[in-house]
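# Coordinates for the following, if possible.
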Amino acid sequence: MPQTTESFQIYRHLIPKIEDWPVAIFSKNRSEFIISLNDFVFDNLIKSNSDNISDLLSKSIYMEMQRTKNTPWKVDPPGEKKYWKDLSIELEKSQEREDKIEAQHDILKKIIHRYNEEIVGTFNPKH
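As a prediction, this is how the structure comes out:
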């Protein structure tokens, strides 16, 4: 039976020790998970967009620049606008490089990593 306070009920933990919770176990291996997630997403994007990575990057960067300008999120990191502006410049410069594909793959990896870090978040079992 859950405990009741003034406005909500407190339920017993399904797994008594927080250190044994799946999210706590996952948080211990977070770095390795992010690396494998980055690789997985990159490989799938390359497979499905191999001939138009530049277009994918252009659209993604443009949409993020518009979002940060018109409807920024409270959780956006402090340098969010600058980050996307810098990537826009980097993408533009990549068009003239001899290693254009490699440069664009590097930009894609940066974006994937940033999104994955944001989405995965953090969990501290001590809180």
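
# Can you classify residue 7 as helix, strand or coil?
Using DSSP: H, G, I helix; E, B strand; the rest coil, the structure places residue 7 in coil.

# Could you list the low-confidence segments of this protein?
Applying pLDDT under 70 to the chain flags the ranges 1-5, 123-127.

# now the strands for it?
Under the criterion DSSP state E, strands of the chain are mapped to 3-4, 9-10.

# Look up how far residue 64 lies from the spatially most central residue of the chain.
With distances taken as CA atoms, centre = their mean, the residue of the chain nearest its centroid is residue 115 (1.7 Å). Between residue 115 and residue 64 the computed distance is 10 Å (CB to CB, to the nearest Å). C-beta: built from backbone N, CA, C; applies to glycine.

# need the helices for the protein, in chain order.
22-28, 30-49, 53-70, 80-94, 100-120 (DSSP state H).

# What helices and strands are in contact with the fourth one?
Secondary structure elements in contact with helix 80-94, counted by 3 or more CB pairs under 8 Å, 6 or more residues apart in numbering; DSSP states H and E, are helix 53-70, helix 100-120.

# Serialize these to a markdown table and add fields for distance to residue 79.
Below are the helices and strands packed on helix 80-94 laid out as a markdown table (distance: least, CB to CB, whole Å):
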| stretch | distance to residue 79 |
| --- | --- |
| helix 53-70 | 10 |
| helix 100-120 | 11 |
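
# Please name whichever of those is nearest to residue 7.
Nearest of those to residue 7, taken as CB to CB: helix 100-120 at 30.9 Å.
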